[in-house]
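**Student:** model this:
(chains A and B)
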Amino acid sequence: MNSVGEACNDLKKEYDACFNSWFSEHFLKGNTNDSMCAPLFKVYQQCVKKAMKDQNIDIQEVKKDILGTDNEKKIP
Amino acid sequence: MKIWTSEHTFNHPWETVATAAWRKYPNPHNTAVIGTDVVERKVVDGVLHTHRLVSSTWYFPRWAQALIGSANVCYASEQSEVNPISRYMILKTINLSFCRHIAVDETLSYLPHPSDPSKTLLKQEAVVTVKGVPLTNYMEDLLTNKISTNASKGRQAMEYVINKIDAEVKDLTRSTDEIINHTKKSLDGIANSAKKSMADISEKAKKSLDDMHKLGLS
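**Tutor:** Now for the predicted structure:
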């Protein structure tokens, strides 16, 4: 899957691969320490934030809160 | 406003489905989704919170584009929570900028099936609201139908991804066996270190693939 910024695709793929393995091998097994992919996440984030800015994708709108507000739907 | 709901049971444990959900795209069933980006992600009190930007292309008839704008790429905000202890995964998606007239709010929840915890129940709800354009009701029906079609594609997509992950694990086991055999022939030192990491992989593969034993591959 691609990133919104073409320049971020490789960084995203590396991060996603790390995350997928962390998620199934660590997180689902009860290890919630997420430092494993933190360095990859950081560089990927820098790239993606810049790409969103360049494309005028409103980060504030994206970050509009749902969880913890009245908009949140309750767990069934 | 139109509300659309649906339920679907996956014959896979919750952990498998949750893992596949992160890898849902790309798949041949939902080609409209062209990108996903994590904007924020953190673990709070053992719960994984993720905020993603989902980019997709929407194709509307030309006359509809005249009403709602011709934005080909639409962005959506997806916020999710995964709790591995309570075993739930909930994703809420809201269209951004999808043309200011249309709001599509979608919620997907993956939970262990109440009557069979080895299966996973997907509950899906979408609320479609169209404002400020003529034929509002018609537009809402159009979108609701689209969501309904996309939902069944989404379920096929999940099965596709689950199969793909299963196949990857099988491949991993196969190549692992080759390496282990090869290693045995070489120096003990190398064999020991290789076995250590391979044993790890084999163990994981065994867990997810009971039938490996029957096939005599592991």
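
**Student:** only C-alpha atoms from now on, for both contacts and neighbour counts.
**Tutor:** Fine.

**Student:** ranking helices and strands of chain B by mean pLDDT, which lands last?
**Tutor:** Lowest by mean pLDDT, DSSP states H and E among the helices and strands of chain B is helix B:211-215, with a mean of 50.

**Student:** for B:Leu53, see how far away the nearest residue to A:Asp58 once chain neighbours are set aside is.
**Tutor:** Distances taken as CA to CA, 6 or more residues apart in numbering or on different chains put A:Met52 closest to A:Asp58, at 7.4 Å, once the chain neighbours are dropped. Note on A:Met52: its distance to B:Leu53, by CA to CA, to the nearest Å, is 10 Å.

**Student:** just for chain A, where's the confidence low?
**Tutor:** A:59-73 (pLDDT under 70).

**Student:** count of neighbours near the residue in it positioned nearest to chain B?
**Tutor:** Nearest residue of chain A to chain B: A:Asn2, at 4.7 Å (CA to the nearest CA). A:Asn2: 19 surrounding residues under other CA atoms under 10 Å in any protein chain shown.

**Student:** that one bridge partners, please.
**Tutor:** Under DSSP bridges, the beta-bridge partners of A:Asn2 are B:Gly35.

**Student:** correct me, but B:Arg41 touches B:Glu78?
**Tutor:** No - here B:Arg41 lies out of contact with B:Glu78, judged by CA atoms under 8 Å, at a distance of 11.6 Å.

**Student:** what's the local residue count around the residue of chain B found nearest chain A?
**Tutor:** Among the residues of chain B, B:Gly35 lies closest to chain A, at 4.7 Å counting by CA to the nearest CA. Number of residues near B:Gly35 (other CA under 10 Å) recorded here: 20.

**Student:** local confidence estimate at it?
**Tutor:** Looking at B:Gly35, its pLDDT reads 89.

**Student:** next up, the contacts around it.
**Tutor:** Each residue near B:Gly35 by CA atoms under 8 Å, 6 or more residues apart in numbering or on different chains is listed here: A:1-4, B:54-56.

**Student:** tell me the helices in chain A, going along the chain?
**Tutor:** A:9-25, A:38-54, A:59-62 (DSSP state H).

**Student:** which of A:Met52 and B:Leu53 has more neighbours?
**Tutor:** Set side by side, A:Met52 and B:Leu53 show more neighbours around B:Leu53, with 27 against 16, by other CA under 10 Å.

**Student:** mind listing what the more buried one touches?
**Tutor:** Contacts of B:Leu53 by CA under 8 Å, 6+ apart are A:62, B:36-39, B:75-78.

**Student:** helices or strands next to the lengthiest strand in chain B in the packing?
**Tutor:** Identified as the longest strand of chain B according to DSSP state E is strand B:116-130. Applying 3 or more CA pairs under 8 Å, 6 or more residues apart in numbering or on different chains; DSSP states H and E, one finds that strand B:116-130 contacts strand B:2-10, helix B:14-22, strand B:102-113, helix B:136-185.

**Student:** worst mean pLDDT among those?
**Tutor:** helix B:136-185 (a mean of 72).

**Student:** can I assume the residue of chain A closest to chain B is in contact with B:Thr36?
**Tutor:** Yes - between A:Asn2 and B:Thr36 a contact is recorded at 6.6 Å, counting by CA under 8 Å.
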